[in-house]
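*Asks:* Need a 3D model of the sequence below.
(one chain, ligands or ions: 1)
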Amino acid sequence: MEEIKNKTLSELNEEIKNLGEAAFRARQIYEWLHVKLVSDFDEMSNISVSLRQKLKENYEITTLKTVRISESKIDSTKKFLFETKDGNYIESVWMQYHHGNSVCISSQIGCRMGCKFCASTIDGLVRSLSAAEMLEQIYEITRITKERVSNVVVMGMGEPMDNYENVVKFVKLLTCPEGLNISQRNVTVSTCGIVPKIKEFADEGLQVTLALSLHAPNDEKRRTLMPIANSYSINECLEACDYYFEKTKRRVSFEYALVAGVNDNEKEAEELSKLLSGHNGHVNLIPVNPIKERDFKRSDKTRIFAFQNKLEKNGINVTIRREMGKDIDGACGQLRRRHNEEARGLGSDQGCI
Ligand code: SAH
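*Replies:* Now for the predicted structure:
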C-alpha cells in the first residue's frame, strides 16, 4: 500500500479527485497528517466514515515505534531510537538551542559510503528511508516533546544524495506552508560529496543549506578517510558547491572532523585555508567522535583552537561545532549499532564515547 504521507498536497488533490471526492478534502486530510500529526484515519473527525474507509483501503499511514529515548544530563539533548514497520532501527537527535529546537534525522538505514570514522556505514546499507519515514522522525519527536521543531539537519545515518528523490520530496513536504511549515533556510542537508547530485540539488529551486563533508585538505588524505574521494576530487566538489551558491545564494558549510594526528596539524590548516579561499562558505570544525570499531582519536583542545586560529588568520570563516549530548552515545549510527549488538547479546557496556 502507498504511504499517504509521501504525497505532496497537489498529489493528494489528484488522488482524492480520483477517489471521486471533493478536492477540498485533500487539504483537510493533509492538515490532519502534517499539522495535527494524527496516525489513524479514524481520528480525522471532519472526514466522512465512507471516505475514511476508502483511504484505509488505499493508503497506509507511516509510523515509527519509539524504542528508546536517552536524555543527556549535561544539556537537554535527547536521542531517539525508532523502529520502522519492517523491523529496522533508525536514530534521530533532538537539540535545544537558544534560537529554537533542532532535529537531526537519518535518511537511510545504514549507509554504503564507507567513511572510515563513521559508525553508520560499518554494516553497509539496508535500505533508503521514504520521505514519510524521514518526516515521521520529526513528527514523533514533536508529539513526544510537545515542542515545535524549527531547524532540521539531515546529518544522521545515511547519505542523503544516495536517496535523492525521497530527500527532495521530504524537504518539500517539511517546508510546505500547509504542513509543518519549517523554513527552508532552517534545513541543512549534508553530503559526503556526490557531485552530480549536488548540482541537481542546486537546480531544485530550494533555499536549504548544503553541507559538504570535507574532512581533509587534499585528495590524497581524503581518499584515506572517504572512499567517495576516489570518485570525485575536492576540486569537483568545490566547483559543485560554487554552483550551489550561485543558484541559491546560500553559503555552503564545509564540515571538517578533526582527528588527532590524521588531519589536524598546522600545515593542514594552512592547506585548507588556501583550498577554501575564494569559495563562499564557512568551515565547521567537529572534534571527531571516537567509535569503538576504529582507532580514531579526537584532537585535543589546544590543537582544535590552533587549527581554528590558523583558518581565521587566513580569512576563513570558521566555527567549532558545539557538542551536544556527549554522554548519550556519540556520532550518528552509534545508538543503532549499540541497540543491534545488545539484541544479539554482545553486551551493552562497551561505551562508545
Ligand atoms: N552522509 C552525509 C550525512 C551524514 S553524516 C555526509 O557525509 O555528510 C553527518 C556528518 O557527521 C558528516 O560530516 C560526517 O562526516 C560526520 N561524522 C560521521 N561520523 C563522525 C564521527 N565519528 N565524528 C564526527 N563526525 C562524524
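*Asks:* where's the closest residue to Leu276 other than its chain neighbours, which helix or strand?
*Replies:* For Leu276, the nearest residue in space outside its immediate sequence neighbours is Ile316; the separation is 5.6 Å by Cβ to Cβ, 6 or more residues apart in numbering. All C-beta atoms are positioned from the backbone trio N, CA, C, and that covers glycine. Element membership for Ile316 (DSSP states H and E) is empty, with no helix or strand holding it.
*Asks:* ok, then the element right after the helix or strand where Ala257 lies?
*Replies:* Using DSSP H and E, the element containing Ala257 is strand 252-258. Scanning forward in sequence from strand 252-258 by DSSP H and E, the next helix or strand is helix 266-276.
*Asks:* Who are the packing partners of that next one?
*Replies:* helix 234-248, helix 301-313 (3 or more Cβ pairs under 8 Å, 6 or more residues apart in numbering; DSSP states H and E).
*Asks:* Any idea which of those gets closest to Glu270?
*Replies:* Shortest distance between Glu270 and the helices and strands packed on helix 266-276, using Cβ to Cβ, is found for helix 301-313: 6.3 Å.
*Asks:* Next, the angle strand 252-258 makes with that closest one.
*Replies:* Here the directions of helix 301-313 and strand 252-258 differ by 150 degrees (axes from the mean of the first three to the mean of the last three Cα atoms, to 10 degrees).
*Asks:* Show me what counts as buried in helix 301-313.
*Replies:* 303-304, 306-308, 310-311 (16 or more other Cβ atoms under 10 Å).
*Asks:* Please identify which of the residues you listed is nearest to the ligand.
*Replies:* Ile304 (12.6 Å; Cβ to the nearest ligand atom).
*Asks:* In this structure the closest one contacts Val288, no?
*Replies:* No: applying Cβ atoms under 8 Å, one finds Ile304 not in contact with Val288, separated by 10.4 Å.
*Asks:* any residues in contact with both of these two?
*Replies:* Leu258 (Cβ atoms under 8 Å, 6 or more residues apart in numbering).
*Asks:* Roughly how far does Lys249 sit from Thr224?
*Replies:* According to Cβ to Cβ, to the nearest Å, Lys249 stands 34 Å off from Thr224.
*Asks:* er, Ser70 I mean
*Replies:* If you go by Cβ to Cβ, the gap between Ser70 and Thr224 works out to 32 Å.
*Asks:* quick one: which of the two has more around it?
*Replies:* Ser70 (16 against 13; other Cβ atoms under 10 Å).
*Asks:* Alongside the ligand, which residues does the chain contribute?
*Replies:* Residues of the chain lying close to the ligand (Cβ under 6 Å from any ligand atom) are 113, 115, 117-118, 155, 159, 190-192, 213, 255, 257, 286, 288-289, 291, 331-332.
*Asks:* In strands only, show me those residues.
*Replies:* 190-191, 213, 255, 257, 286 (DSSP state E).
*Asks:* Would you reformat these as CSV and include distance to Ile138, pLDDT and neighbour count?
*Replies:* Below are those laid out as CSV (distance: Cβ to Cβ, whole Å; pLDDT from 0 to 100; neighbours: other Cβ atoms under 10 Å):
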residue, distance to Ile138, pLDDT, neighbour count
Ser190, 16, 98, 22
Thr191, 20, 98, 27
Ser213, 22, 98, 26
Glu255, 22, 97, 19
Ala257, 25, 96, 26
Ile286, 23, 93, 19
